[in-house]
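**Student:** Quick one, fold the following:
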Amino acid sequence: MIQRVQSIFMFLICILLGLNFFTVIWQYTDEGISITVGSIKAVYQHKNNIKQFNTIYISILTLVSLIVTMITLFSYKKRILQIKLSQLNTLLISGIIGTYFIAIPRAKAWLQEPVYGEYQWGFYIPIVCLLFNFISMHFIRKDEELVRSIDRIR
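**Tutor:** Numbers count the residues shown, from 1 in each chain. Prediction:
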């Protein structure tokens, strides 16, 4: 199971998605104002004024994607199912990236002027996961083609 190349990439996806729960996605800091968007909540701080809203939908999508990746990792004998689950995981990870573009402008709306914050590590993690998912799907397809070619020889 872990000897296969695609299993290593899926394991890396699991690690990265697990890290995504604890990383900051976007941050803005200027003149005592701080806005931080994470996968669980977004927080606005200005002196003693603190506002926040839930971004739990990012965590839910991340958790579902993590579970799908683990199911894909441990269903190594069913390559067709692995391909389908990897395609589903591509949609889920794309959904995570899409929710970032919902949460960040919503956090920017706390200020009246346009602000340009910094994208943190948490923003790039799903993009790397998407890349790893495509690579693992490629290797799963190669395995399936190899098995089919051997079946033709018999």
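
**Student:** What residues of the longest helix seen in the chain count as buried?
**Tutor:** Determined from DSSP state H, the single longest helix within the chain is helix 121-153. By neighbour count with 16 or more other C-beta atoms under 10 Å, helix 121-153 contains the buried residues 122-123, 125-126, 129-130, 132-133, 135-137, 139-140, 143. (Glycine included, C-beta is placed from N, CA and C.)

**Student:** Helices along this structure, start to end?
**Tutor:** 5-20, 56-74, 79-108, 121-153.

**Student:** Return the member of the ones you listed having the minimum mean pLDDT.
**Tutor:** Mean pLDDT is lowest for helix 121-153 out of these, coming in at a mean of 89.

**Student:** quick one: that one to chain centroid distance?
**Tutor:** Mean C-alpha position of helix 121-153 versus that of the full chain (C-alpha atoms, centre = their mean, to the nearest Å) differs by 16 Å.

**Student:** by contact count, what packs against it?
**Tutor:** Helices and strands touching helix 121-153, by 3 or more C-beta pairs under 8 Å, 6 or more residues apart in numbering; DSSP states H and E, are helix 5-20, strand 24-30, helix 79-108.

**Student:** Adjacent strands (with direction) for the second one?
**Tutor:** Put plainly, it is strand 24-30. strand 33-38 (antiparallel), strand 118-119 (antiparallel) (DSSP bridges).

**Student:** Compare these and give me the one nearest Y76.
**Tutor:** strand 33-38 (33.4 Å; C-beta to C-beta).

**Student:** Cheers, nothing more for now.
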